[in-house]
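The sequence and its predicted three-dimensional model are supplied below.
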Amino acid sequence: MGEVMSDAFSRTGLLIGAQGLEALARSTVAIFGLGGVGSWVGEALARSGVGGFLLVDCDQVASSNINRQILALRSTIGRAKVEVMRERILEINPDARVEAREEVYAPGDPTGMLRPGLSFVVDAIDSISSKLDLIVRAQGLGLAVISAMGAGNKFDPTRFEVADIYDTSICPLARVIRRELRHRGVTALKVVYSRETPVDIPEPLGPSPVRRSTPGSLSFVTPVEGFIIAAEVVKEILENSRIAL
């Protein structure tokens with residue numbers, strides 16, 4: 001098994017070396033939200049050799065997820081996303097340490113999900129109140145955080161950027177988060193956001209299977225945001241371990 005796992009990450013090792021692989025294997029990344037963005041973050045981090053995961057999501061895989069979520073297959077519909085992601089990570093790396101929490105992150109963190117020692121916190125939550133609380137509490141614990149801004153109603157995956165929340169523009173979600181974090185005294189937050197103006201979706205003419213407020217999504221947009229987030233997580237973990245890139 002050791003030889004197989006060594007070979008699994010050998011191409012990564014050519015870029016970051018044995019010490020880099022070791023740093024990633026020692027790290028633990030918490031991913032809050034395993035949807036169109038978060039599921040791809042988990043996939044990319046597992047394939048990068050990250051060794052520890054805390055997965056948090058309260059939803060089950062639905063047929064409407066198939067167009068954009070790596071966890072969504074006909075065979076996984078109805079199953080808890082955290083369990084499908086856990087199994088997938090362990091298929092990639094049987095030595096990974098995976099804690100799966102099938103629950104919602106609620107403001108106040110009543111079940112104590114956040115804890116010192118996490119290498120990184122990935123915020124891929126849709127709920128604004130939970131998103132804000134997660135960011136504030138994680139930073140209060142001194143944890144590194146990266147937050148996903150809106151990917152819905154977008155067509156162009158090349159418009160995503162990494163920025164501080166206070167340097168963002170265009171994105172409606174970033175505008176709200178920026179305003180609310182300022183009120184909470186948060187001075188900085190790394191985010192991935194799109195400068196593309198969201199498409200205005202017209203009211204459906206007849207009965208529709210989705211709510212009017214449900215954003216449209218595309219298979220080649222949300223994964224790109226997830227991959228950019230994963231790249232930032234890996235780079236920062238390596239930089240914090242003084243691994244030259």
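Ah, there it is.

And residue 26, how far from residue 119?
Per C-beta to C-beta, to the nearest Å, residue 26 is found 8 Å from residue 119. Bear in mind the C-beta positions are built from the backbone N, C-alpha and C, glycine included.

Not counting residues beside it along the chain, what's closest to the residue nearest in space to the middle of the chain?
Against the mean C-alpha coordinate of the chain, by C-alpha atoms, centre = their mean, the closest residue is residue 38 at 3.3 Å. With C-beta to C-beta, 6 or more residues apart in numbering as the criterion, residue 38 has its nearest non-adjacent residue at 3.3 Å, and that residue is residue 124.

just checking, that neighbour touches residue 35?
Yes. Residue 124 sits in contact with residue 35 when judged by C-beta atoms under 8 Å, with a separation of 6.5 Å.

When those two are compared, which one has more neighbours?
residue 124 (28 against 23; other C-beta atoms under 10 Å).

Quick check: buried residues in the top helix by length along the chain?
Taking DSSP state H as the criterion, the chain has its longest helix at helix 222-240. By neighbour count with 16 or more other C-beta atoms under 10 Å, helix 222-240 contains the buried residues 222-234, 237-238.

In a strand, residue 69, correct?
No. Read with DSSP: H, G, I helix; E, B strand; the rest coil, residue 69 is coil and lies in no strand.

Hmm, it is touching residue 41, no?
No. Using C-beta under 8 Å, residue 69 is not in contact with residue 41; the gap is 11.5 Å.

quick one on the thing from earlier: quick check, nearest of the buried residues of helix 222-240 to residue 113?
Proximity of those to residue 113 (C-beta to C-beta) peaks at residue 233, which lies at 17.5 Å.

where exactly do the strands run in the chain?
28-32, 52-56, 97-101, 120-123, 145-148, 160-164, 190-194 (DSSP state E).

Redo these as TSV? Include mean pLDDT and mean neighbour count.
Below are the strands of the chain laid out as TSV (pLDDT from 0 to 100; neighbours: other C-beta atoms under 10 Å):
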stretch	mean pLDDT	mean neighbour count
strand 28-32	98	25
strand 52-56	98	23
strand 97-101	98	17
strand 120-123	98	26
strand 145-148	98	25
strand 160-164	98	16
strand 190-194	98	24
